[in-house]
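[1] generate coordinates for the sequence data below:
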Amino acid sequence: MAKFSHIKSTVRESFRMAIEAIRQNKLRSILTLLGISIGVFSVIGVMTAIRTLESSVNSQLDILGTNTFTIQKYPAIQVRGPGGNRKIRQRKNISFDQFESIKRRANLPLRVSVVDGTSERNIRYKDKSLKRSTELSGADEWVLRSFSTYLSDGRNFTPDDIRFGRNVTILGPDIVDILFPFEDPIGKAIKIRGIDYTVIGVTERKGQAFGQSQDNFVVIPISVYIQRFSNRWTSLGIVFEAESAELYDKTMDEAIGLMRVIRKVPVGEENDFSIISNEELMETFAGFTGGIKLFAGSVSVIALLVAGIGIMNIMLVSVTERIKEIGIRKAIGATKRDILTQFLMEAIFLSQFGGVVGVILGIAGGNLIALLLNVPAVVPMDWAFYGMAVCSFIGIGFGIYPAYRAANLDPIESLRFE
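    Sure thing, here's the model as predicted:
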């Protein structure tokens with residue numbers, strides 16, 4: 001009990017003396033703290049930003065729909081490489097006939113639908129027109145499920161709208177706000193490239209995803225889209241929805257097999273089309289952020305090593321300046337352990353305080369992404385813990401030598417030091 005009490009009082013006294021030493025050398029201490037803070041800030045800031053993006057992606061990937069995947073010509077994210085893009089460009093386009101063929105043959109999917117889109121600005125209603133481009137999409141009667149939305153007014157496309165190529169359209173709320181600010185759009189005709197399209201429906205407002213509005217679109221029947229807006233580069237996307245999560249993999253296997261048969265892909269050759277799913281996008285995103293994490297970690301390690309050298313330097317200077325003080329303490333009964341604890345405590349306090357500042361600034365800086373994307377802020381407690389643990393290691397690792405040197409000073413020589 002007495003030994004524990006002695007240790008407790010030694011630590012408390014060492015902590016007090018460490019604070020006093022830092023207070024007496026404010027500028028030098030601040031510069032040392034700055035080095036630690038920058039190192040911790042760099043890693044915590046990046047990790048917080050990435051965690052925020054991951055949270056945003058997880059919450060907003062439902063724009064693809066539950067248990068859905070898409071077959072299309074191009075991958076969702078293309079990574080440039082020698083010959084890679086050329087090989088993808090040489091793939092055959094996915095045509096409407098291929099869509100109809102796989103729709104007839106597929107047995108497992110709950111639905112098989114089609115969608116394609118382009119940018120269009122030439123959209124008017126009376127004297128009002130769009131000031132910027134919007135997404136003009138062609139879709140079938142499953143348009144609402146393909147867009148993961150619902151109608152706020154009007155009706156959906158019918159199979160006859162698709163079959164007979166009727167000039168009808170469904171609008172997103174952003175388009176309604178621009179073209180119909182003070183009137184009901186249902187039944188009115190808008191002009192797209194000079195041709196009238198009757199507005200039959202308006203979707204519910206969805207807000208933003210990844211910083212972009214999800215309500216800035218115009219949809220027309222896919223048959224009309226192909227007739228008037230397609231070109232030799234047009235390749236459709238075929239959307240599949242499984243009946244349940246349990247049948248998801250089997251549904252995908254069936255779709256891939258049928259698509260290979262329809263497109264006459266030889267046995268043993270890779271698919272000449274891409275599969276887009278929530279899982280694939282998450283894996284791609286994880287691979288992208290993994291590289292950023294590795295880079296941020298490397299930069300932070302260098303910054304923390306430099307900060308650690310700074311701590312060692314300031315502690316060595318502190319030992320030199322306080323040789324007489326050390327001699328006096330030893331003369332009145334302080335042991336090597338007491339002196340070692342004092343200077344080690346000072347180094348740890350410097351690194352820990354700098355780490356706390358770095359963690360706070362890193363979390364605040366990283367959550368600027370959350371503010372921009374309008375998503376909930378994220379506090380990466382695990383990375384904050386790792387940051388503080390690294391700071392402790394830096395304080396002990398780079399403070400041990402100056403503390404050991406101070407503890408082993410000869411008390412007689414120390415008292416003689418001028």
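
[2] so for the host helix or strand of residue 345, what's the average pLDDT?
    Take DSSP states H and E as the rule and residue 345 turns out to sit in helix 336-366. Per-residue pLDDT values across helix 336-366 average out to 79.

[3] which other helices and strands does that helix contact?
    In terms of contacts (3 or more CB pairs under 8 Å, 6 or more residues apart in numbering; DSSP states H and E), helix 336-366 is packed against helix 2-24, helix 26-60, helix 278-321, helix 323-331, helix 381-407. The way it works is simple: take the backbone N, C-alpha and C, and place the C-beta from them, glycine included.

[4] and the last one with helix 26-60, angle?
    Meaning helix 381-407. Between the axis of helix 381-407 and that of helix 26-60 there is an angle of 160 degrees, by axes from the mean of the first three to the mean of the last three CA atoms, to 10 degrees.

[5] quick one, strands of the stretch 151-300 of the chain?
    Under the criterion DSSP state E, counting those that start in this stretch, strands of the stretch 151-300 of the chain are mapped to 151-154, 168-171, 189-192, 195-203, 208-209, 212-213, 217-221, 237-241, 274-277.

[6] who wins for proximity to residue 325 among those strands?
    Between residue 325 and the strands of the stretch 151-300 of the chain, the shortest gap by CB to CB is with strand 208-209, which sits at 61.3 Å.

[7] still on that earlier bit, any buried residues in the helix holding residue 345, and which?
    Of all the residues in helix 336-366, those buried under the rule 16 or more other CB atoms under 10 Å are 338-359, 361-363, 365-366.

[8] highest mean neighbour count out of the helices and strands packed on helix 336-366?
    Of the helices and strands packed on helix 336-366, the one with the most neighbours on average (mean count of other CB atoms under 10 Å) is helix 26-60, at a mean of 20.

[9] what's the spacing between the helix or strand that that helix is followed by and its chain's center?
    The C-terminal neighbour of helix 26-60 among helices and strands, as given by DSSP H and E, is strand 68-72. For strand 68-72, the gap between its own C-alpha mean and the chain's C-alpha mean amounts to 23 Å (CA atoms, centre = their mean, to the nearest Å).

[10] could you check the angle strand 237-241 makes with strand 68-72?
    Using the same axes, to 10 degrees: strand 68-72 against strand 237-241 is 160 degrees.

[11] any idea of the angle strand 68-72 forms with helix 278-321?
    100 degrees.

[12] each with direction, which strands does strand 68-72 pair with?
    Applying DSSP bridges to the sheet, strand 68-72 is found paired with strand 237-241 (antiparallel), strand 274-277 (antiparallel).

[13] now that strand: buried residues?
    Within strand 68-72, the residues that count as buried by 16+ other CB under 10 Å are 68-72.

[14] nearest the geometric middle of this structure, what residue?
    Within the chain, the residue whose C-alpha comes closest to the C-alpha centroid is residue 53; the distance, by CA atoms, centre = their mean, is 2.3 Å.

[15] show me the shaky parts of the stretch 1-150 of the chain.
    1-11, 13-15, 17-18, 21-22, 56-66, 77-84 (pLDDT under 70).

[16] follow-up on the earlier one: now, the most widely separated pair of the buried residues of strand 68-72?
    68 and 72 (12.8 Å).

[17] about what we covered before: would a markdown table of the helices and strands packed on helix 336-366 with distance to residue 271 be doable?
    Shown next, in a markdown table, are these (distance: least, CB to CB, whole Å):
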| stretch | distance to residue 271 |
| --- | --- |
| helix 2-24 | 64 |
| helix 26-60 | 25 |
| helix 278-321 | 13 |
| helix 323-331 | 74 |
| helix 381-407 | 38 |
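
[18] relative to residue 215, which of the ones you listed is closest?
    Taking CB to CB as the measure, the helices and strands packed on helix 336-366 were each checked against residue 215, and helix 26-60 came out nearest at 14.0 Å.

[19] same for the closest one, what does it pack against?
    Judged by 3+ CB pairs under 8 Å, 6+ apart, the packing partners of helix 26-60 are helix 278-321, helix 336-366, helix 368-373, helix 381-407.

[20] how about those helices in TSV, adding distance to residue 201?
    Converted to TSV, the helices and strands packed on helix 26-60 look like this (distance: least, CB to CB, whole Å):
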stretch	distance to residue 201
helix 278-321	27
helix 336-366	41
helix 368-373	29
helix 381-407	46
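
[21] how about the ones you listed, which one is nearest residue 138?
    Per CB to CB, nearest to residue 138 of the helices and strands packed on helix 26-60: helix 278-321, 22.9 Å.

[22] off-centre distance for that closest one?
    If you compare the mean C-alpha spot of helix 278-321 with that of the full chain, they lie 19 Å apart, counting by CA atoms, centre = their mean.

[23] that one - contacts with which helices or strands?
    Contact here means 3+ CB pairs under 8 Å, 6+ apart; on that basis helix 278-321 packs against helix 26-60, helix 336-366, helix 381-407.
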